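# fold the following.
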Amino acid sequence: MAATSTATVNQVIHVFTDVGVKDIDDELLIKFLCEKHGSPLDLTFVFTGSDGVSPAEALEYWKKIFEPSVLAKKNPGSIVNYTTLPEYMVLESVECDYALQISPGNGYDGENLTVREKYIFAGDFVTPEGGRDSFNKNGSDAILTKFSTEGKLVEIPSAHMAKMRFNKELLSKFDGPFVERIVFTAFLLAFCRMHPKCPVSQKFAEGLVNPNVGRGVNYENVIKMAQNLGITPNSEGIESATKAAVKYFCDIFNETPDWENGGGVHLHTAAAAHCPLKDSGSVKHLIEMNTYLNAIHLKACSSDTYYLSDLFASNDNEVFYSNFDIDSVPYTLTRSWEYFKANSEDLVECFNPVYDLFAGYVLVGLMQGEDRTTDSVDTFQSNIVKEF
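This next block holds a predicted model:
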């Protein structure tokens, strides 16, 4: 661990974070806690790794990209420590006043951890009836059971966190690499899908594009984005948009698309028959998303006919996967990315939910004797900007 200050502090906070995955909400939470004015904190961030990123790689990514700008504005009285989950797990004993888990547990059972006040979990320990397990619940049963039994567990429902969004005032609290990656994350999760080979694709991919199955975050962002840009799709590119949607779900479930029996725009019927989807309408939702994305792409390329072709046809009738970063945007998507950046001020409400930032807001409330777990979006946006 490396401390950045030795001042006396009031509260000891440990945060389990999977910095470095496709979203950026962990990074926003770390910035908020480090820079929060008022009583200083003793902060330890435990980098867990996730989605193919090792704990050590996650820590290095944070220190290289984000740490300099955060330390420049850090509450001068606060202590900031870093460690990795493998290092943390082998310590004989660790203690804190509050712990916050904003990442999957990776099998850590918390046996060596003493929490004096509350253990806050960003997700549902008990999955709501008809819902799906929270992403952070993966590998977390033992540690959540431990603190639930001790009467110290505080759950923040996933469905409520998903409502928390940026407004322009909240966005203004972030600068430099944070803003760049906030915008990039919004673009990435609108234009690109979870890879079919991702270990949790069968569990989560359908719900990202279909509000009738999950929270439909990606679907809603694409629709809002097109509306805010004043773009309405037509039949242009419908065949490639349809084939891409069908192939995507077939790839997830290791099925072969039935092109002959489906035919034309009715291919979604064949896909639904072959794939064990929770809702046959999921393919239709993805086709709709693809037609909107194609329309946005064509608008972005309208001044440069060299790039002007159907988005998915130019990608061999496949969706794009979120397996690239801000420095390696695929050639086919470069015009759309430039167009998205140029219009980002009009797309703030389309940016990804700030799940973990809300979790940090709940944590700060608990330290002040307030229960903020059910605060509305407006209340959250109004209050958190006063605490930076």
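
# for the stretch 251-388 of the chain, which spans come out with low pLDDT?
Low-confidence segments of the stretch 251-388 of the chain (pLDDT under 70): 258-275, 304-308.

# please repeat the previous calculation with a cut-off of 50.
Scanning the stretch 251-388 of the chain for pLDDT under 50 picks out 263-266.

# how about the strands in it?
For the stretch 251-388 of the chain, the strands defined by DSSP state E, counting those that start in this stretch occupy 320-321.

# quick one: the strands in the stretch 1-150 of the chain?
Assigned by DSSP E, counting those that start in this stretch, the stretch 1-150 of the chain shows strands spanning 11-17, 41-47, 79-84, 94-101, 113-122.

# how about these in TSV, adding mean pLDDT?
Putting the strands of the stretch 1-150 of the chain into TSV (pLDDT from 0 to 100) gives the following:
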stretch	mean pLDDT
strand 11-17	97
strand 41-47	97
strand 79-84	96
strand 94-101	98
strand 113-122	98
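
# export the lengthiest helix in the chain to PDB, keeping only CA atoms.
Secondary structure of the chain per DSSP state H: the longest helix is helix 281-300. Extracted C-alpha coordinates of helix 281-300, given in PDB (Å, rounded to 0.1, in the frame of the first residue of the first chain):
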ATOM      1  CA  GLY A 281     -38.800  -9.800 -28.800                       C
ATOM      2  CA  SER A 282     -35.200  -9.400 -27.900                       C
ATOM      3  CA  VAL A 283     -34.100  -9.900 -31.500                       C
ATOM      4  CA  LYS A 284     -36.600  -7.300 -32.600                       C
ATOM      5  CA  HIS A 285     -35.200  -4.800 -30.100                       C
ATOM      6  CA  LEU A 286     -31.700  -5.400 -31.300                       C
ATOM      7  CA  ILE A 287     -32.800  -5.000 -34.900                       C
ATOM      8  CA  GLU A 288     -34.400  -1.700 -34.000                       C
ATOM      9  CA  MET A 289     -31.200  -0.600 -32.200                       C
ATOM     10  CA  ASN A 290     -29.100  -1.500 -35.200                       C
ATOM     11  CA  THR A 291     -31.300   0.500 -37.600                       C
ATOM     12  CA  TYR A 292     -31.000   3.600 -35.400                       C
ATOM     13  CA  LEU A 293     -27.200   3.100 -35.200                       C
ATOM     14  CA  ASN A 294     -27.000   2.700 -38.900                       C
ATOM     15  CA  ALA A 295     -29.000   6.000 -39.400                       C
ATOM     16  CA  ILE A 296     -26.600   7.800 -37.000                       C
ATOM     17  CA  HIS A 297     -23.600   6.300 -38.800                       C
ATOM     18  CA  LEU A 298     -24.900   7.500 -42.200                       C
ATOM     19  CA  LYS A 299     -25.500  11.000 -40.800                       C
ATOM     20  CA  ALA A 300     -22.000  11.000 -39.500                       C
END
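
# list the helices and strands that helix packs on?
On a contact count with 3 or more Cβ pairs under 8 Å, 6 or more residues apart in numbering; DSSP states H and E, helix 281-300 meets helix 201-209, helix 217-229, helix 238-252, helix 267-274, helix 334-342. In short, each C-beta sits where N, CA and C put it, glycine included.

# between these, which gets nearest to residue 312?
Taking Cβ to Cβ, helix 238-252 is the member of the helices and strands packed on helix 281-300 nearest to residue 312, at 4.1 Å.

# the closest one to helix 281-300, inter-axis angle?
Here helix 238-252 points in a direction 130 degrees away from that of helix 281-300 (axes from the mean of the first three to the mean of the last three Cα atoms, to 10 degrees).

# helices and strands around helix 238-252, which ones?
Counting contacts by 3+ Cβ pairs under 8 Å, 6+ apart, helix 238-252 packs against helix 201-209, helix 267-274, helix 281-300.

# which one of those helices is the most hemmed in?
When the helices and strands packed on helix 238-252 are scored by mean count of other Cβ atoms under 10 Å, the highest mean neighbour count falls to helix 281-300 (a mean of 23).

# residue contacts, the nearest residue to residue 357 once chain neighbours are set aside?
Closest residue in space to residue 357, ignoring its immediate chain neighbours: residue 28 at 4.6 Å, by Cβ to Cβ, 6 or more residues apart in numbering. Neighbouring residues of residue 28 by Cβ atoms under 8 Å, 6 or more residues apart in numbering: 174, 178, 182, 354, 356, 357.
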